[in-house]
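Colleague: Would you be able to build a 3D model of this:
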Amino acid sequence: MKIFKNNIGKFSLLFFSVLFLITRFYRLDSLPIFTDEAIYVRWTQIIKSVETLRFIPLTDGKQPFYMWLSVPFLKFIKDPLIALRTLSVLSGLGLFIGTWVFLGLQTKTKIHSNPLLLLWDSLETNLTPKLILSILFIINTYSLMFDRLASADTMLSMFLVWGIIFTLLQKSYYRVDIALILGGIFGLAWLTKSPAPIFFAISSAYLFLKSKNKKKAIVLSVLSGIVMFGIYSILRLGPQFHMISLRNADYVYPYSHILYSLFDPIRPHAIAQIDIYANYINIFILIIGLFLYTKATSSTKYLNIFLWLVPTVGVLLYAKVFTSRYTLFTLPYLITILSLGWAYLLKKSKLALILFIPLCFLQAKYSYNLVTNPFTLQLPKNDQGYTKEWTAGWGIKDMSEFFISEARSGKNVIVATEGNFGNPKDSIQVYTNNIAGVTVVPQDVYFTKIPDSMQNAKNAGDFVYFVYNSNRVNLDSISKSKVELITSFIKPDQTSYQVYKLL
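Modeller: Reported below is the predicted structural model:
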């Protein structure tokens, strides 16, 4: 009993970590394969199978570290989509624990000779805010969504929060080993996604501003930067390294954009972000928590606001295309702010639970619907592609199993799909990978006539199928007479994936 009393924070972290894993692993396949997931899983399969294609994500300007780490999961988990989603769940756990530690470091404690002891002690501080943080982290739909998707966003967020943790340690110790670890963390973050250098710049600036020994802070930050750039330079071994900067330009405006178009696109993006917060966190939890945070005490009070607000505004200002995942990496600092704000209110009056509990219940209900019945869930406008439109892969796994069963009965199956990237082409390849007799052939985005190549394949004795979204099918009368609609998979927006057989 005494052990539990002295280590209540550590046991609480263990309890909530188990609860976190249950909520993330439960019905992990309920959301259909999203188009970006299909691409990432397909790249991972290729990386696993072909040694010379380790850098294939660079062909689309994407860093490959998430796919590299996913390869071992493909060896032990049969479903390739679940394999990569498992890595995201574990990354989410690392993010949750990192946010817990980050909040713990915001209480001034005894500085030990070993920084690991300081981290250990931080698990026992700020227990009331940590309890609130754990609840908000587990029930919020923002992290739940991406902890359960095969994308690199949760992993990036995990690396960045641990980078900030070691930045706080460096402020207290100024050690070379911490500088090396810090550089390594940001280096791995940069191997994951491009926003990492922004947080490294924030880390270095914070150390410089808070340091009494400016020279030492600069030297250690330079050392961390060298390590970070050294790790990132691994990507220069890939022949398409230059594609990263080229593809970044497709998603981000140049710095000069602010000079001639300040409110476009920040105004519509800001409206979209508020919509995301209202659905994924609960607008009342957000507003009340933010207001009360101004009264709460924290040794890194302004750092929390800076880490949340400045990168968020930067994304809203410079992003050409915007969805919720582009600001996911700011979520740990927002939840930290909300936890401290609500903890302040609960400290003043326990009656605040009468307000807090129903708000959490409403958010938990929304998140539960995402897990159990995403088909009927109304997502924010900018995120509807996860369940609607051509990007949502409803029925992909079922139709893939049908093609596999056809091939295993001795038939040579040709599957012609709309487009050559993402859904449905890559997702069908994901599920039919290494299945002899199934060949996926990309075609035009719109299905208007039977291609000669497919007709020739049919004449040669192959079974030919077409997979298209219903709103992209516009066959002429002659082509209509040559195909049969054998099945369709409806989507929430009343479009569907349709499977046609060439007669």
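Colleague: only C-alpha atoms for contact and neighbour calcs from this point on.
Modeller: Will do.
Colleague: show me the contacts for the residue positioned nearest the centre of the chain.
Modeller: Nearest residue to the geometric centre of the chain (Cα atoms, centre = their mean): Asp153, 2.9 Å. Contacts for Asp153 (Cα atoms under 8 Å, 6 or more residues apart in numbering) come out as 146, 193, 325-326, 328-329.
Colleague: Show me which pair in these is furthest apart.
Modeller: Phe146 and Lys193 (14.8 Å; Cα to Cα).
Colleague: Give me the distance from the helix or strand Phe20 falls within to the chain's centre.
Modeller: Following DSSP states H and E, one finds Phe20 within helix 8-25. Computed by Cα atoms, centre = their mean, to the nearest Å, the chain-centroid distance of helix 8-25 equals 20 Å.
Colleague: what about Phe25, distance to Ile285?
Modeller: Distance of Phe25 to Ile285, given as Cα to Cα, to the nearest Å: 26 Å.
Colleague: between the two, which one's more packed in?
Modeller: Ile285 (21 against 17; other Cα atoms under 10 Å).
Colleague: Go ahead and list the helix or strand containing that one.
Modeller: Applying DSSP H and E as the criterion places Ile285 in helix 283-293.
Colleague: Just the CA trace of that helix, in PDB.
Modeller: Output of helix 283-293 as PDB, limited to C-alpha atoms (Å, rounded to 0.1, in the frame of the first residue of the first chain):
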ATOM      1  CA  ILE A 283     -15.800  23.700 -28.000                       C
ATOM      2  CA  PHE A 284     -16.900  24.300 -24.400                       C
ATOM      3  CA  ILE A 285     -14.000  22.200 -23.000                       C
ATOM      4  CA  LEU A 286     -11.800  24.300 -25.200                       C
ATOM      5  CA  ILE A 287     -13.100  27.800 -24.400                       C
ATOM      6  CA  ILE A 288     -13.400  27.200 -20.600                       C
ATOM      7  CA  GLY A 289     -10.000  25.600 -20.400                       C
ATOM      8  CA  LEU A 290      -8.300  28.400 -22.400                       C
ATOM      9  CA  PHE A 291      -9.900  31.100 -20.300                       C
ATOM     10  CA  LEU A 292      -8.900  29.500 -17.000                       C
ATOM     11  CA  TYR A 293      -5.400  28.700 -18.100                       C
END
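Colleague: which residues are in contact with it?
Modeller: By Cα under 8 Å, 6+ apart, helix 283-293 touches 277-278, 337-342, 344-345, 356, 359.
Colleague: right, and out of the residues you listed, which lies closest to Asn373?
Modeller: Nearest to Asn373 among these, counting by Cα to Cα, is Ala278 at 19.7 Å.
Colleague: check contacts around that closest one.
Modeller: Phe284.
Colleague: My reading is that it lies in a helix. Confirm?
Modeller: Yes: assessed with DSSP: H, G, I helix; E, B strand; the rest coil, Ala278 lies in a helix.
Colleague: heads up, I number from 780, so please use that
Modeller: Okay, using 780 as the starting number, the last item reads as Ala1057.
Colleague: Low-confidence ranges, the stretch 1130-1279 of the chain, go.
Modeller: Within the stretch 1130-1279 of the chain, no stretch falls below the threshold (pLDDT under 70).
Colleague: hey, where'd the helices end up in it?
Modeller: Taking DSSP state H, counting those that start in this stretch, the helices of the stretch 1130-1279 of the chain run over residues 1132-1151, 1175-1187, 1204-1210, 1231-1238, 1256-1259.
Colleague: Any chance of TSV for those, columns mean neighbour count?
Modeller: Below are these laid out as TSV (neighbours: other Cα atoms under 10 Å):
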stretch	mean neighbour count
helix 1132-1151	17
helix 1175-1187	17
helix 1204-1210	25
helix 1231-1238	14
helix 1256-1259	13
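Colleague: follow-up on the earlier one: check which element follows the helix holding Phe799 along the chain.
Modeller: strand 812-813.
Colleague: Tell me which strands that next one pairs with, and in which orientation.
Modeller: strand 1171-1172 (antiparallel) (DSSP bridges).
Colleague: which residues sit against the partner strand?
Modeller: For strand 1171-1172, contacts defined as Cα under 8 Å, 6+ apart pick out 811-814, 1164-1166, 1202-1203, 1206.
Colleague: on that earlier part again, in TSV, list the helices of the stretch 1130-1279 of the chain along with distance to Leu988.
Modeller: Output for the helices of the stretch 1130-1279 of the chain, formatted as TSV (distance: least, Cα to Cα, whole Å):
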stretch	distance to Leu988
helix 1132-1151	37
helix 1175-1187	53
helix 1204-1210	48
helix 1231-1238	65
helix 1256-1259	70
